[in-house]
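[1] Provided below are the primary sequence and the corresponding predicted coordinates.
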Amino acid sequence: MELQNSVKEALNALYHHPDDAFRMEADRWLQNFQRTIDAWQVADNLLHDATSNLETLIFCSQTLRSKVQRDFEELPSEAFRPLRSSLNTLLKKFHRGPPKVRTQISIAVAALAVQVPPEDWGDGGIVNWLKDEMTSHPEYIPGFLELLTVLPEEVFNYKIAARPERRRQFEKELTSQIEVALNILTACLKINELKEQVLEAFASWLRLRHGIPGSLLACHPLVHTALSSLNSEILSEAAVNVISELIHYTTAGNSGGIPVQMPLIQVIVPQVMSLKEQLRDPSKDEEDVKAIARLFADMGDSYVELIATGSNESMMIVNSLLEVASHPEYDIASMTFNFWHSLQHILTKRDSYTSFGNEASIEAESRRRLQVFQSAYESLVSLVSSRVQYPPDYQTLSVEDLKEFKQTRYAVADVLIDAASVLGGDATLRILYVKLAEARTCLGNNLNQWHPAEAALFCIRAISNYVSTVEADVMPKIMSLLLELPHEPQLLQTVCLTIGAYSKWLDAALDGFPQLSSVIKILLSGMGKSEDSAAAAAVAFRHICDDCRRKLCGYFDELFSIYNSTVIGEGSFKVSAEDSLHVVEAFSMVITELPADQAKQALEKLCLPVVTPLQEIISQGPDVLEKKPVRELTVHIDQLAYIFRYVNHPEAVADAIQRLWPILKAIFDVRAWDMRTMESLCRACKYAVRTSGRFMGITIGAMLEEIQGLYQQHHQPCFLYLSSEVIKIFGSDPSCACYLKNLIETLFNCTTCRLTNIKDFTARPDIADDCFLLASRCIRYCPQLFIPSAVFPSLVDCSMIGVTVQHREASNSILTFLSDTFDLAKSSMGEQYLTIRDSVIIPRGTSITRILVASLTGALPSSRLETVTYALLALTRAYGARALEWARESISLIPSTAVTEVERAKFFQALTDAAASGVDIKTLTGPVEELSDVCRRNRTVQEIVQGALRPLELNLVSVS
C-alpha cells in the first residue's frame, strides 16, 4: 500500500507541481519504478482500485503493458494464469472506459499472447479463447474487438521481448486462425454501432497478408460492407483503410499474387473508379478527397506492372491518376508521384521486356508502350511544372514553410526527370520552353511578375542531364532569352544555376570563348547581385570551367580578374569565402588543360593571392600568428587545398608545395595546438601528396618529420589521417621505407600510450578512428614495415580495449583493422608475414573471439552487426577449427536462461558452414541477427549476457 501511495504522489507531482525540478524528479522516480519487479503488482492493484484517477489508470496501464512486453520473463511460470485472468477482468472493466486505458490493456493481452505458446495459453490459442469470451460475455464485445484489432499488429512489434522463433510461431498461429477471426468480425457486423470498429479490425488482419483466396474475399460480407461504406459519412475512413489494405493484399507475395487475387481485384477496381468524380466535387471535405486520392494512388502503386502493359483498362486508371495529380492541393497531387516513378522504371528498363523473346520484339513492345504513355507524361509535365512557382509573399514565409516549399520543388524535379526518361529530354524541354516563352511574354516591363519565368527555368534546369548536347531547336532560344531576363535576385539565381546545368551543351554548341563570354557576363552579374545569386553563379562558373575548359584555357589571363576579385574579396562581388572555393576549383581545372610549362606559371599566379595574406601574417611574428582567429587562416589554406586537389599537373603541384613549404611549416610550428587550423592544413597537404605522388621528393620527408614531432606534443588526429594518405602512396616505395617505418612506430607508440582503457577511447574517439584507419592502410600498403614491427602486438591489444567504444566511426575503424589483420593474406606481400601475425593473434584468439561475440550480443549497437559479423567471419576463415573452438567456448559462457541450446547450436552451425564453404557474409547475417535479437530482447537478458562475456575485462592478456 505504501508503494501504491508513493506512485500516486509521484504522479500528482508530475502533473500538478508548479516546480520543474519536482516534476523532473517525479518523472525519474516513476521511470525507475517501472523497471522494478514490484511494478507488476502495484500497477495491477491500482488498475483494479475503483478510487484511482485517470492519470493513475493511464500510467499503470502503460506500465503493465510495458512489463508484459519487455519483462515477462522475470515472472515465474505459474504467474501466467493469474496475469491473464487479471488482464481479462481489466479488459471487461474498461470495455467502455477511457480509450487510452483500454488500448494499453488490449496491447498487454496481445503481447502476453506473443510470449506464451498456444498450448500453454489453452482454449485453442488466443483467437479461440477470444471467440469463447465474446460468446459468453456479449456485453463486453467493444473491449474484445479492440483486442482483436491490436492482436495482428503485435506480430510486427519488436518491443516485445519474444524470441525470434516464438515470434514466427505466433505469426503462423494467427494466420491459421484468420478464418475464425473473420467469422467473429462478420458476426459483429450485425451490431450497427460496431461497424466502424469491425472494419478497422478487418484492416488490421489483412496486414498479415496471408492465405485468403481472392475468390473467397471477393464475395465476403466484410469486403462488401467496406465497399458499400465508401460513400458513408460515418464509415468512409474505416472503409478506405480496408480497401487500401485489400489493394496491397492482392499483390503481396504470400497471398498468391495478382493471378490468384484477380477475382478480388475485379471487384475492387470498378468500385474505386466510380469515386473519380468526387475528386472534383467542391462540396467534398478535403480529408474525404485525400482518402479517395489515396485509393487511386494505392491502385497505381500496387498494379503498376499491369498498368504498364498499356491496355485500355489500365489507361482509365492512368487518367484517374492524372486527375489526382491535377488537384490544387499539393499533398493530394503528390500521392501519385511514386506511381509515375515506378511506371517510368518499368517502361524504360530492358528487364521489363525480356519475356517478349528476341531483340526485335522487345524493341517493338518498348516503342509501343512508350507511345501509349506519351500523352500521359506530357500532361504530367504541364500539371506539375506550375507547382514550383514561388508564391508572391515568399519573402515572408517562415523557415519551416520555406523548407517545405523547397522540398516540393525537389519532388517535382524528380517527377520531371521521370517524364524526361519516358518522353526524352528534348521533347520534355519543348513543353517547358512553351511555359518559359509564355512567362517571358507576361513579364514585359513588370519586374514583379518574374515568378512564372523562374519556375519554368527551375524545371528546365531539372531535366538538364536528359537534354542532348546537340539539341539545336530550343536550347539556343533559351540561352538568348536568358540574356533578356531582368536581374531580379531570385530569378538571377535560377538563371545562373540553369547556365551551370547546361555547361556540356554550351561546350558542344558554342564555337569558342567569344560566345561563352556573354554567358559568363550573366554569371558575373549574379556574383554581384546578392549572396544567394553569387553562390549560384560560383557553382555555375565551376561547371562552365569544367566542361568548357578546352575553350577557356587560352583565355586564362583575361579571366583572371574574376579569380582575383573572388579570392581577395575586392570589388562588388558578393561571393562568400566558402563559395569562392568553387571559383578556385574552376580555375584549377582550366589550368589542368594547359601545357606543363604554362601550367606551372599559371599555378604560381593562382597561388599568389591565396598565399600573400598568409605571408603577411607570418611576417608579423609568431605572437601575431598564434593569436589570429582561425577563420582568417583556414579561408586561405582551404583555397590552397582546392588548388592542390584540382590542378592535375603532378610536377607543377610538387614544385608549388616545395616552394610554399616554409609558409606551411611556420603555421604547423606555431598553431599545432589548434585543431581546426591543423585539419585545414593537413587537408591541403593531403591533396598535395595525392596529386603530386612521387614527384614530391624531399618535401615529403620534411612534412613527415614535422607531423611526427608535433603529434607527440599535440596529438592531433589529422596528423594520423595525413600519414595514412602518405602510406597509401609511398608505402611500397623501398626508398621511403626507413622514414615510413620510423613514422608509424612513433605515431602508434604515442597513440597506444594514450588509449589504455575504454574511457580513453570514449574521450578521444577521433584519435582512435584515425589511428586504426592508418593501421589498416599499413596492412594494405606496407605490411613489410608494419607486421614485423614491435607496435603491431601493441596495436592489437589496443584494438581489444577499444572495439566496444560506442562511437560509430571509431568502432568501425577498429573492427576493420581486425578484419584486415585476419585477411592479411589478401594484401600485397601479406602472405609472407602470416607466421608473425599468427604469433600475435593465436595467444589472444580466445579473448578476441569473446569480445566479438559480446559485440554481436549487445556490447555494440545492432547497427554495427554487419561489421562485427565480417570480423568474426574473417577470423574463422583465417584460423578454421581453432577459431570455431574459440567461438564455441565464448557462446557456451552465456547462461541457458538467456540463450537456449537450440539457439546456440543454430548460430554455431551457421558459423561452421560459413567458414567451411567460403560463402559471403550474407549467409551468416540471418543467424547472427537472430542470436543478437535473442540476447537483446530485454535489458535483463542483455545484462546477463554481457555479465557472462565481460568484454571489457579481456583486453589485458599475458602473452608469453
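    Good, I have the coordinates.

[2] in stretch 172-190, which residues are buried?
    Residues of stretch 172-190 classed as buried: 173, 174, 175, 177, 178, 180, 181, 182, 184, 185, 188, 189 (neighbour count, 16 or more other C-beta atoms under 10 Å). Placement of C-beta: from N, CA and C, glycine included.

[3] confidence score at the nearest residue to residue 923 once chain neighbours are set aside?
    Using C-beta to C-beta, 6 or more residues apart in numbering and skipping residues adjacent in sequence, the residue nearest residue 923 is residue 914, 5.5 Å away. pLDDT for residue 914: 86.

[4] ranges for the strands of the chain?
    Listed in chain order, the chain contains no strands at all (DSSP state E).

[5] low-confidence ranges, it, go.
    Applying pLDDT under 70 to the chain flags residues 211, 255, 444-448, 512-514, 918-919, 954-960.

[6] switch to 50 and redo it
    The model of the chain has pLDDT under 50 over residues 956-960.

[7] let me know the outermost residue of it.
    The C-alpha centroid of the chain is most remote from residue 136, which lies 50.5 Å away (C-alpha atoms, centre = their mean).

[8] excluding sequence neighbours, find me the nearest residue to residue 948.
    residue 893 (4.8 Å).

[9] pull up the gap between that neighbour and residue 84, please.
    Going from residue 893 to residue 84 by C-beta to C-beta, to the nearest Å gives 35 Å.

[10] cool, residue 904 as well?
    According to C-beta to C-beta, residue 904 and residue 84 sit 31 Å apart.

[11] list the contacts for residue 777?
    By C-beta atoms under 8 Å, 6 or more residues apart in numbering, residue 777 lies in contact with 724, 727, 728, 731.

[12] report how many residues lie close to residue 242.
    Residues near residue 242, counting by other C-beta atoms under 10 Å, number 26.

[13] please verify my assumption that residue 861 contacts residue 806.
    Yes. Using C-beta atoms under 8 Å, residue 861 is in contact with residue 806, at 7.3 Å.

[14] rewinding a little: mark which of the contacts of residue 777 are buried, thanks.
    For these, a burial check counting by 16+ other C-beta under 10 Å picks out 724, 727, 728, 731.

[15] turn the buried residues of stretch 172-190 into a markdown table, including distance to residue 338.
    Shown next, in a markdown table, are the buried residues of stretch 172-190 (distance: C-beta to C-beta, whole Å):
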| residue | distance to residue 338 |
| --- | --- |
| 173 | 34 |
| 174 | 30 |
| 175 | 28 |
| 177 | 34 |
| 178 | 29 |
| 180 | 36 |
| 181 | 31 |
| 182 | 30 |
| 184 | 35 |
| 185 | 31 |
| 188 | 35 |
| 189 | 34 |
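
[16] helices - which of those land there?
    With helices taken from DSSP state H, the overlap with these comprises 173, 174, 175, 178, 180, 181, 182, 184, 185, 188.

[17] tell me who's in contact with the residue nearest to the second one when sequence neighbours are not counted.
    Once flanking residues are discounted, residue 174 sits nearest to residue 152: 5.7 Å by C-beta to C-beta, 6+ apart. Taking C-beta under 8 Å, 6+ apart, we find residue 152 in contact with 174, 204, 205, 207, 208.

[18] Serialize the ones in helices among the buried residues of stretch 172-190 to CSV and add fields for distance to residue 673.
    Formatted as CSV, these follow (distance: C-beta to C-beta, whole Å):
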residue, distance to residue 673
173, 65
174, 64
175, 65
178, 69
180, 73
181, 69
182, 72
184, 73
185, 72
188, 74
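
[19] next, the buried residues of the longest helix anywhere in the chain.
    For the chain, the longest helix by residue count, based on DSSP H, is helix 865-892. In terms of neighbour count (16+ other C-beta under 10 Å), helix 865-892 has its buried residues at 865-879, 882-884, 886-887, 890-891.
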